[in-house]
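Colleague: Let's see this in three dimensions:
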Amino acid sequence: MKIVRSLVIFAGITLSGYYGITHSVNPAVAQIVPDQTLGDNQTLVKPNVEVKGLPADLIEGGVTRGDNLFHSFSDFNVRDLQRVYFANPAGINTILSRVTGSNISKIFGTLGVDGAANLFLLNPNGIVFGANSQLDVAGSFVGSTANSIVFGNGTEFSATNPEEPPLLTINITPGLQYGQNPPQPIVNAGNLAVGQGQNVTLVGGSVISTGDILAPGGEIKILAVPRQTLVQLGQAGQILTVSTPTVPLTPSDPASVTEFLSSLNHDTGVTVSSDGQVILTDSGTQVPLTPGTVIISGDLSAANLSPGQTGGKVTVLGDQVGLFEAQLNGGSNVTITAGTTGNQEGNITADGFDITKTTPGEVTLSLQAANDISLKNVDIKASSGLLNLFLEADSDNSGSGDVELMNGEIDTGGGAVTITAAGAIALERIGINSDTEGQRNAGDITITAGSLLLENKSDLDSNTKGNSSGNAGNITITADSVVFTNNSGLGTNTRDNSTGDAGEITITAGSLLIENQSGLGSETRGNSSGNGGKITINADSVVFTNNSGLGTNTRDNSTGDAGEITITAGSVLFENQGGIGSDTQDNSSGNGGTITITADSLVLREQSGLGTNTRDNSTGDAGEIKIKADSLSIANNSGLGSIASDGSSGNAGSITIDVGTLSLDNESAIGQSGIPPNVDVIDAEESNNAGKITIIADNISITNKSIIDSNSNNSDQGGDISITVTDLLLLRNESKIFAYSGDPNSDIQTEGNAGDITITAGSISLEDDSDIESNTRGNSSGDAGKITITADSVEFTGKTGKSGIGTNTQDNSTGNAGEITITASSVLFKGKDSGLGSDTKDHSSGNGGTITITADSLVFRNQSGIGTNTRDHSTGNAGEIIITAGSVLFENQTGLGSDTKDRSSGNGGTITITADSLVFRNQSGLGTNTTDHSTGNAGEIIITAGSVLFENQTGLGSETQKNSSGDAGKITITADSLVLRGGSSIGTRTIDNSTGDAGTITINADSISLENNSNISAQTFSGDGGNIILTLQDLLILRDGSQISTSAGTEDQPGNGGKITITADFILAVLEENSDITANAFDGMGGNITLTAQGIFGFNFPDQLTNLSDITASSERGVDGNITINILGVNPSQGLVELPTTVVDASKLIAARCADNVKVASDDSKGDEFIITGRGGLPPSPLDPIIRQTVIADWVTIDNSATTNYQSQLTPAAREESVPKRPKRRIVEAQGWLIGPDGTVILTAFPTTPDTWANSSLKSPSCEDLRRISNGS
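Modeller: Numbering: from 1, shown residues only. As a prediction, the model looks like this:
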């Protein structure tokens, strides 16, 4: 027959002590004394009865109700070594015993049942199991300090109000009822064991267990209740529910646990100190005295003893739960709950807490506290099957409760871990993992708290390993504040030949701090094929500091991909070697993961960084880096980058940055160089395709040796760099933007091209040795990349160092240098040695790149310039330089150059300038050269401009030098005006034992002026002098020792003088100023000089040069050259006309004749004559020499005394010192004349006719008019 029973506990007060009693305790151990409450069926005790082969005291009698047997005692104790057994009549399943007296039950020996029935022991005064005590119960055991057992039909088996059990059949589930007196404790220091699949239940005001409790395959239930409580039990004594009344309670004095324990005088594993503190004897741990507390210091095991069978459960409930050096082996579920009776003091405290799951299957360890959970020195593990761990502080949802885990390991064997707290969760020196092996998935780790702290080597891990096909678990953290410090972190991985994927990591927080070598990670490794998990962080602020960070990797021959990393935050800070990495490495074929950061502010400083890499012979690609922020600051050797390196065949990932402001300072980097090693982003010896870098920003500042780079060190492509800036891009103090391909330290030839660099900005400023470069290095056959810049203004400035832009192929390369294209409103080079360059170097065979500048204003100052070169035994051609601008200014030793140097065979590049205004000042100029035993030709120079000015030793040059055999290049200039002053020059020449020919100089201009020792020359050392062709619409002027020369050869050297061809209106010099036009030679023939002009003034024509202004075409040892002078006729449109040997016929000069009766000049044999010899300098014949000095003849007075032939006496007028600037006009002979109203005679360039006079206020002169003029009237 079944009993329905309830055990109701009434306490009704709040206890201030740890345990409480309300009576004096008799220290003497009484015998087992039955009372007289059962009527005729009294309990009997038979001593010295053999039970199970040994002497024992056997308890018989009692009242039977159905399958339940009731016993009642006034005292119930078992001495040391005493064996006490309850008889188990047939048909009895449950034995219920009560103690109605006032003494504690002290069980120091063996308490058992001689059968398989369940045993209940009820004593409201307290129960103590000594160190040598043990249970020998095949069924279940319930020990309680409740007042009574209440059955569902209202009947009660009470220890405080004893009556005979009702005669009716009891078949309703019982409950333990506690009354208004403070409930007393239960202390266990012994070994309480029950049969397979049975239960052990201890329910008291407080419960202390320092001994062992064993319920193999069954349940262990421990409950502490400090007040009025009803505990609902199952048929086998298991606890079903716990409830407290809602009516007000009458308080009474709290029980004294110290008095209770002091009365025992026996080893219970607990001692009381002189000051009344309760201390665990073995560990010396002081335990709390709060009522309703459970203290576990021994072993609790519900593991099934049969291999492969499901284990049992362990449940610990109390307002406070303390676990000190405890070992719990649930086999199945373990539940520890504090605060079950509504006490906000509900804490779970464990120190030395050991839980081991040894049976297969899935179990749960649950710790629930109304307030705090504190576990120290914890060892929780599932050696077989899954152990789910559930920790909850604030189980009553009151809004408070912390979880503290300190020292130890928790291994759930793949089970889930859930930790929840309204307050703080703190982990110190503890590891929690939910790893899995085999086919099942690892358990998730979920933490929800007000704040989370992991410190001092604490870890959260969920992995799949050991050839597992299951996936690692996810780790999810939600808290206002999250801190990882001192080598702490969390990870989810797939490893050890596993095929499952690593889990995801998700953190949602107000603030996240990861510091002091702490971090987060998700990996696939150890020959695994699964993918790494994603890491997602959402927070207001995120900080990684002191060598801390997070990473997702695939490595160790794995084929899976690394996971993505995504951070969304208000502010993100990496400092002191903080960083993020996503790698594929160690012969892996998986790809690196993408790193995405979205933030208001992102800061990396003090050797911090972000990196995605593929390396160590891996074949996978590195992941991308994506950043979107209002501001990004990278400082103090920090950076971000993506690399393919160390023999890997994968590609580096792209980098995309979209920010308001970007600042790189103090040796920081975006790309490869300078990335700190703590995030495994290093510039390795070999690299595949470099990733593309794309940056969009309002402002960018790159300062103090900081870098943006995209490199490839092997046969693959360098990455492109694209930068778009709304306002300013600033590079300062040795900072750089560059894209490289090739390895400068390797002898192996590489084929990859360097990446292109494209920059669009409002303004660009490069200061103090800052550069933008795209190069190939080492034995590379790839091409350097293009550099394209578009901006409103571009400036190269600074007081120290040199800034510039360059594309180069270097060091045994065969590729071509890249192009440089700049389009801007203004371009300024004013930093010392700043400029642009495109070179092939050091035994290279590639060509130099073209440099193109298009600007409204282009200015070079302070030794700045542009160069395209091929040199150092190279065979490639130098690149072109193309400039199109409104105005171009070179000053203070600035210029452009295109050279082939140092035994190179390539040709120099062409320099082309198109401008409205072109000015060279202070030793500035342009040059295309081939030098140092080179065989290539120098490049051409082509200038098209409105005005061109060279002053103070400036000029253009195209040369072959130092034993070179190439020819100097052509120079072509088209301009409205060309002025050379102060020793300036335009020249092509071969010098220093060079054998090539000088180039041709062709100039088309309205006017050319050479002043103060300036020159235009095409000279050679031993080759033929070059040609000079000058075509002018107006004047050619040579002053103060200036020259035009095509001389050839030096002493003992051959070479013919070159040709000089000049076409101009007038060619002018001052004889005494030693300005020359020469085409001389030493051993060869003198050159040819052809001059075509309306007038040539101020020159001698000697055989050899003199100290005067000369025109010569001589040879020191060879045949002199020819000088041909063509003087234009009166009407240039009619071609050149040979002048007569006689003086000018007046009839050809004056259309109208005077009347015969009035003669101006006549003789008897001729009619009227007016002879004009011109304004001086006109030769009577082309074969006659030019008149030395220009003479301006004024009108003279006619001598009236002359009657036949008037010989004019011409008196020169004073020469004007300056001539007002006027529009260009041609000089022609007068074709007519008119007389003004005031009598002034005006010569006209057109014939005068009567119609002309009629239509003018002027009139045709008559002979009378001439006579009147001559008389001065």
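
Colleague: I'd like to check which residues are in contact with the residue most central in space within the chain.
Modeller: Note on the chain: the residue nearest the mean C-alpha position is L640, at 2.8 Å, using C-alpha atoms, centre = their mean. Shown in contact with L640 (C-beta atoms under 8 Å, 6 or more residues apart in numbering): L604, G609, L610, G611, I625, I627, I634, I655, A669, I670, I675, V681. All C-beta atoms are positioned from the backbone trio N, CA, C, and that covers glycine.

Colleague: now do I186
Modeller: By C-beta under 8 Å, 6+ apart, the residues touching I186 are 126-129, 143-145, 202-204, 206-208.

Colleague: sorry, back to before: can you tell me which helix or strand the residue nearest to the centre of the chain belongs to?
Modeller: Assessed by DSSP states H and E, L640 sits inside strand 639-644.

Colleague: How many neighbouring residues does D40 have?
Modeller: 7 (other C-beta atoms under 10 Å).

Colleague: for E959, same thing?
Modeller: 28.

Colleague: For the strand holding L640, output the C-alpha coordinates as PDB.
Modeller: Taking Å, rounded to 0.1, in the frame of the first residue of the first chain, the C-alpha atoms of strand 639-644 are listed here in PDB:
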ATOM      1  CA  GLY A 639      48.900  50.000 -38.600                       C
ATOM      2  CA  LEU A 640      46.700  47.700 -40.500                       C
ATOM      3  CA  GLY A 641      47.500  45.500 -43.500                       C
ATOM      4  CA  SER A 642      47.000  42.400 -45.500                       C
ATOM      5  CA  ILE A 643      49.800  40.100 -46.700                       C
ATOM      6  CA  ALA A 644      50.500  37.000 -48.800                       C
END
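
Colleague: Provide the partner residues of the residue nearest to the centre of the chain in its beta bridges.
Modeller: L610, I670 (DSSP bridges).

Colleague: Kindly report the domain assignment for the chain.
Modeller: 1-297, 949-969+981-1128, 1137-1273 (automatic domain parsing).

Colleague: would you turn the contacts of L640 into CSV with distance to L1105 and pLDDT?
Modeller: Below are the contacts of L640 laid out as CSV (distance: C-beta to C-beta, whole Å; pLDDT from 0 to 100):
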residue, distance to L1105, pLDDT
L604, 71, 93
G609, 71, 88
L610, 73, 89
G611, 72, 86
I625, 71, 91
I627, 72, 95
I634, 67, 93
I655, 67, 90
A669, 63, 90
I670, 64, 90
I675, 67, 50
V681, 70, 36
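
Colleague: Take those and lay them out in a markdown table including distance to I507 and neighbour count.
Modeller: What follows is the contacts of L640, written out as a markdown table (distance: C-beta to C-beta, whole Å; neighbours: other C-beta atoms under 10 Å):
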| residue | distance to I507 | neighbour count |
| --- | --- | --- |
| L604 | 20 | 29 |
| G609 | 21 | 29 |
| L610 | 17 | 31 |
| G611 | 21 | 31 |
| I625 | 20 | 26 |
| I627 | 19 | 23 |
| I634 | 24 | 27 |
| I655 | 24 | 26 |
| A669 | 28 | 27 |
| I670 | 26 | 32 |
| I675 | 25 | 31 |
| V681 | 23 | 31 |
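
Colleague: can you redo those residues as TSV with distance to V483?
Modeller: Shown next, in TSV, are the contacts of L640 (distance: C-beta to C-beta, whole Å):
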residue	distance to V483
L604	20
G609	22
L610	21
G611	24
I625	26
I627	24
I634	25
I655	30
A669	29
I670	29
I675	26
V681	26
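
Colleague: quick one on the thing from earlier: who wins on neighbours among the contacts of I186?
Modeller: With neighbours taken as other C-beta under 10 Å, the top of these is S206, carrying 35 neighbours.

Colleague: Please look at that residue and P226 and confirm they touch.
Modeller: Yes. Counting by C-beta atoms under 8 Å, S206 touches P226, with 7.4 Å between them.

Colleague: who touches both of these two?
Modeller: P291, G292.

Colleague: So for stretch 480-491, mean pLDDT?
Modeller: For stretch 480-491, mean pLDDT is 94.

Colleague: list the buried ones in that stretch?
Modeller: Residues of stretch 480-491 classed as buried by neighbour count (16 or more other C-beta atoms under 10 Å): S481, V482, V483, F484, T485, N486, N487, S488, G489, L490, G491.

Colleague: Just these: which are in strands?
Modeller: Among those, DSSP state E puts S481, V482, V483, F484, T485, G489, L490, G491 in strands.

Colleague: what's the helix or strand hosting T418 packed up against?
Modeller: In the assignment (DSSP H and E), T418 maps to strand 417-421. Contact analysis of strand 417-421 by 3 or more C-beta pairs under 8 Å, 6 or more residues apart in numbering; DSSP states H and E lists strand 386-393, strand 403-411, strand 445-455 as its packing neighbours.

Colleague: In TSV: the ones you listed, plus mean pLDDT and mean neighbour count.
Modeller: Compiled in TSV, these are given as follows (pLDDT from 0 to 100; neighbours: other C-beta atoms under 10 Å):
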stretch	mean pLDDT	mean neighbour count
strand 386-393	86	24
strand 403-411	90	21
strand 445-455	95	22
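
Colleague: Format those strands as a markdown table; extra columns: distance to T1046.
Modeller: Listed next are these as a markdown table, based on distance: least, C-beta to C-beta, whole Å:
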| stretch | distance to T1046 |
| --- | --- |
| strand 386-393 | 98 |
| strand 403-411 | 94 |
| strand 445-455 | 86 |
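
Colleague: which one of these lies closest to F120?
Modeller: Nearest of the helices and strands packed on strand 417-421 to F120, taken as C-beta to C-beta: strand 386-393 at 30.4 Å.

Colleague: Would you give the sheet partners of that closest one, along with the direction of each?
Modeller: strand 362-369 (parallel), strand 417-421 (parallel).

Colleague: Report the angle between it and strand 445-455.
Modeller: 60 degrees (axes from the mean of the first three to the mean of the last three C-alpha atoms, to 10 degrees).

Colleague: can you list the residues that contact strand 386-393?
Modeller: Residues beyond strand 386-393 that count as contacts (C-beta under 8 Å, 6+ apart) turn out to be 355, 357, 361-369, 371-373, 380-381, 401-403, 410-423, 425, 432, 440, 443.
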